[in-house]
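**Student:** Here is a sequence together with a model predicted from it:
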Amino acid sequence: MAAALALGARGMGQVWPNPAVGCLIVRDGRIVGRGRTAPGGRPHAEPIALAQAGEAARGATAYVSLEPCSHHGVTPPCAEALIAAGVARVVIPLEDVNPKVAGDGIARLEAAGIAVTAGVLAEAAGRDHRGFFLRMREGRPMVTLKLASSFDGRIATATGESRWITGPQARRRVHAERLRHDMVLVGGGTARADDPDLSVREMGAVRQPVRAVVSRHLNVPLDGRLIGSAAAGPVWALVDASPGAVNEDARAAWEGQGGRLIGTEAGPGGNLEPRALLQTLGREGITRVFCEGGGALAASLLAADLVDEILGFTAGLTLGAEGQPSLGAMGIDSLAGAPRYRLREVSRVGEDVLHRWERRGA
């Protein structure tokens, strides 16, 4: 099962809105078929592995990193494919929370006389499929917030100089993390200050994630690197859906260069409402978001308890109180009101420290 999970995880960021599933067909202690959800979400892992196994699948055991689907969609049900192939046993970590499946895949397999073992490495699988599960349960993707800062929590000097606080190894790791997510997201302030293109680089020929900016009035550079690279992969702007909120000339300039505008709800304070924003992304099929700031967007997501994972890179330099903080104001006046996270990983990346934190109760 660990191998099936690792195989499936290679599809993270490439298969949305579907989950990244891995499947191994094992017979007489030998792997005879391997498959993972293909880019774009189809075909699913099981038919790929079964096609590779051929007749060797009959009487074999299938290790699948999520309950096989049981409903007819664009492709036939994977449970039926396993039944038709004649496998003797299916091992899974947990049920699919998609209401179209939700145990029905297991029931079909067992009704066909196939032994099903569930609960194997369930916690690890739940973590891998968290984005898909959140979209099914809450209508929103999971959010990983990346913070790269000095030892004293600053992201730039007082003059705005920020390149580079962390070293090349940390920056390469950020590109790998971008690749594992469906979307890379920044706020309008970051788009204006840094003019990023948010693409995955130094990873070979890869399918680029959706690159997106949150800007209520589309107040971002219309000749910047982000929209200028729309030919390399989808570029979205999340804007206020209210009539007249976006200047029509700006809209035409953005869409004329291949960008997409997606309207969402503004909150009482005038900024885009964080939960509504994420649910808008969920309706678009996004399951995993890698948020790279800036401070106001990050603070709004944290304050709304919508950050599922924090990925921190801390560099061995200090910038002092005059440096720009990594987060905007959150209105916290007591420690009890501050969001707390559980430490999952600490490692050295070049001359920097990586620390990964998980939302409590995730």
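**Tutor:** All right, it came through fine.
**Student:** Can you tell me the centre-most residue of this protein?
**Tutor:** Relative to the mean C-alpha position of the chain, the nearest C-alpha, by Cα atoms, centre = their mean, is the one of Arg288, at 1.9 Å.
**Student:** Can you give me the pLDDT of that residue?
**Tutor:** Arg288 carries a pLDDT value of 98.
**Student:** got the contact list for it?
**Tutor:** Arg288 makes contact with 12-13, 16, 131, 141-142, 144, 180-183, according to Cβ atoms under 8 Å, 6 or more residues apart in numbering. Using the backbone N, CA and C atoms, a C-beta is placed for each residue, glycine as well.
**Student:** what are the bridge partners for it, then?
**Tutor:** Here Arg288 sits in beta bridges with Met142, going by DSSP bridges.
**Student:** how about the helices of the stretch 51-200 of the chain, start to end?
**Tutor:** Assigned by DSSP state H, counting those that start in this stretch, the stretch 51-200 of the chain shows helices spanning 78-85, 104-111, 122-128, 130-138, 168-179, 188-194.
**Student:** To Ile155, which of those helices lies closest?
**Tutor:** Across the helices of the stretch 51-200 of the chain, Ile155 has its closest neighbour in helix 188-194 (9.6 Å, Cβ to Cβ).
**Student:** Excluding its own residues, what touches the closest one? List them.
**Tutor:** Against helix 188-194 from outside (Cβ under 8 Å, 6+ apart): 160, 162, 196, 213-216, 219-221, 224, 226, 292-297.
**Student:** next one: phi and psi at Pro39?
**Tutor:** Dihedral pair for Pro39: phi -50, psi 140, per degrees, to the nearest 10.
**Student:** hang on, the earlier thing: among the contacts of helix 188-194, which lie within strands?
**Tutor:** Of the positions in the contacts of helix 188-194, 213-214 sit in strands, assigned by DSSP state E.
**Student:** Which entries within the contacts of helix 188-194 meet the buried criterion?
**Tutor:** 162, 196, 213-216, 219-220, 224, 226, 292-297 (16 or more other Cβ atoms under 10 Å).
**Student:** Show me which pair in those is furthest apart.
**Tutor:** Maximum pairwise distance among the buried ones among the contacts of helix 188-194 (Cβ to Cβ): 23.7 Å, between Ser162 and Arg216.
**Student:** Distance-wise, check the nearest residue to Arg171 once chain neighbours are set aside relative to Val174.
**Tutor:** Using Cβ to Cβ, 6 or more residues apart in numbering and skipping residues adjacent in sequence, the residue nearest Arg171 is Trp164, 6.9 Å away. Relative to Val174, Trp164 is positioned 11 Å away (criterion: Cβ to Cβ, to the nearest Å).
**Student:** same deal with Val246?
**Tutor:** Distance, Val246 to Val174, by Cβ to Cβ: 30 Å.
**Student:** Ala88 too?
**Tutor:** Counting by Cβ to Cβ, the gap between Ala88 and Val174 amounts to 44 Å.
**Student:** likewise Tyr63?
**Tutor:** 32 Å.
**Student:** So for those two, which sits in the more crowded spot?
**Tutor:** Taking Tyr63 and Val174 together and counting by other Cβ atoms under 10 Å, Tyr63 has the greater number of neighbours (25 against 20).
**Student:** so that one bridges to which residues?
**Tutor:** Under the criterion used (DSSP bridges), Tyr63 bridges to Leu24, Val91.
**Student:** which residues does it contact?
**Tutor:** Tyr63 sits in contact with 1, 3-4, 23-26, 91, where contact means Cβ under 8 Å, 6+ apart.
**Student:** okay if I get these as JSON lines plus pLDDT and neighbour count?
**Tutor:** Below are the contacts of Tyr63 laid out as JSON lines (pLDDT from 0 to 100; neighbours: other Cβ atoms under 10 Å):
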{"residue": "Met1", "pLDDT": "96", "neighbour count": "19"}
{"residue": "Ala3", "pLDDT": "97", "neighbour count": "14"}
{"residue": "Ala4", "pLDDT": "98", "neighbour count": "29"}
{"residue": "Cys23", "pLDDT": "98", "neighbour count": "30"}
{"residue": "Leu24", "pLDDT": "98", "neighbour count": "25"}
{"residue": "Ile25", "pLDDT": "98", "neighbour count": "26"}
{"residue": "Val26", "pLDDT": "98", "neighbour count": "21"}
{"residue": "Val91", "pLDDT": "98", "neighbour count": "20"}
